[in-house]
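[1] build me a structure from this.
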Amino acid sequence: MALRLVGISGSLRRHSFNAGLLRAARDAMPEGAALAIHSIVGVPLYDADVEAEGIPAAVTVLKDAVAAADGLLLVTPEYNNGVPGVFKNAIDWMSRPSSDIARVFGGKPVAMIGASPGNFGTILSQNGWLPTLRTLGAELWTGQRLLVSGAGQAFDAEGNLIDDAVRAKLARFMAGFVASL
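    Predicted coordinates for the structure are as follows:
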């Protein structure tokens, strides 16, 4: 049986570098593994009053997909040297109710990658995720790091990865993560 991973991009932009990086990761999966792409589009801002009425359908879909997966790939942008609010909001929703945290995140192998137009890739955003992932009980894979800087040159106008060197690094990253599972 093939390993099943879920990948989520933390960007809402149609031609996002990070959504493109996620698509390229799906295409770079080694034999015996598959990456299903899921989206945070449609996840509302967290509101305990909304939660009291029931978990939104978009959140339930994400939670169930992650819970059923063998691993999770977070593809994080970096906004103002930190974690993107919309992405953090989606993860916060996925931790509700708190009794579901262990089912969704507990012991779940998680890898992170990201692309940014800046010179430092998404190093600060990736580091910013560490306390959240630790709190949720996820198991961060630290075998490699993938930080795509200068993303404007690595992706075309539609957000497709066009840089062969980045594509090769991504293939090595995904092979390493899958081998760790």
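
[2] quick one, phi psi at the residue nearest to the spatial centre of the chain?
    Taking Cα atoms, centre = their mean, the centroid of the chain lies closest to residue 74, which sits 1.5 Å from it. Dihedral angles of residue 74 (phi, psi; degrees, to the nearest 10) stand at phi -100, psi 120.

[3] so what's it closest to, chain neighbours aside?
    residue 112 (4.8 Å; Cβ to Cβ, 6 or more residues apart in numbering). C-betas here are computed from N, CA, C, even on glycine.

[4] check residue 133 too.
    residue 140 (5.4 Å).

[5] coming back round to it: the residue nearest to residue 74 should be in a strand, yeah?
    Yes - counting by DSSP: H, G, I helix; E, B strand; the rest coil, residue 112 is found in a strand.

[6] for this structure, what spans make up the strands?
    With DSSP state E, the ranges of strands along the chain come out as 3-9, 33-38, 71-75, 109-115, 139-140, 146-148.

[7] those strands: which one's closest to residue 166?
    strand 146-148 (5.6 Å; Cβ to Cβ).

[8] contacting residues around that closest one?
    Residues from elsewhere that reach strand 146-148 (Cβ atoms under 8 Å, 6 or more residues apart in numbering): 17, 21, 113-116, 120-123, 126, 154, 166, 169-170, 173.

[9] hmm, 7 Å instead?
    With contact meaning Cβ atoms under 7 Å, 6 or more residues apart in numbering, strand 146-148 is reached by 21, 113, 114, 115, 121, 122, 123, 154, 166, 169, 170, 173.

[10] again, but for stretch 58-68
    6, 36, 38, 42-43, 72, 90, 93-94, 100, 103-104, 108.

[11] among those, name the buried ones.
    For the contacts of stretch 58-68, a burial check counting by 16 or more other Cβ atoms under 10 Å picks out 6, 38, 43, 72, 90, 93, 94, 100, 104, 108.
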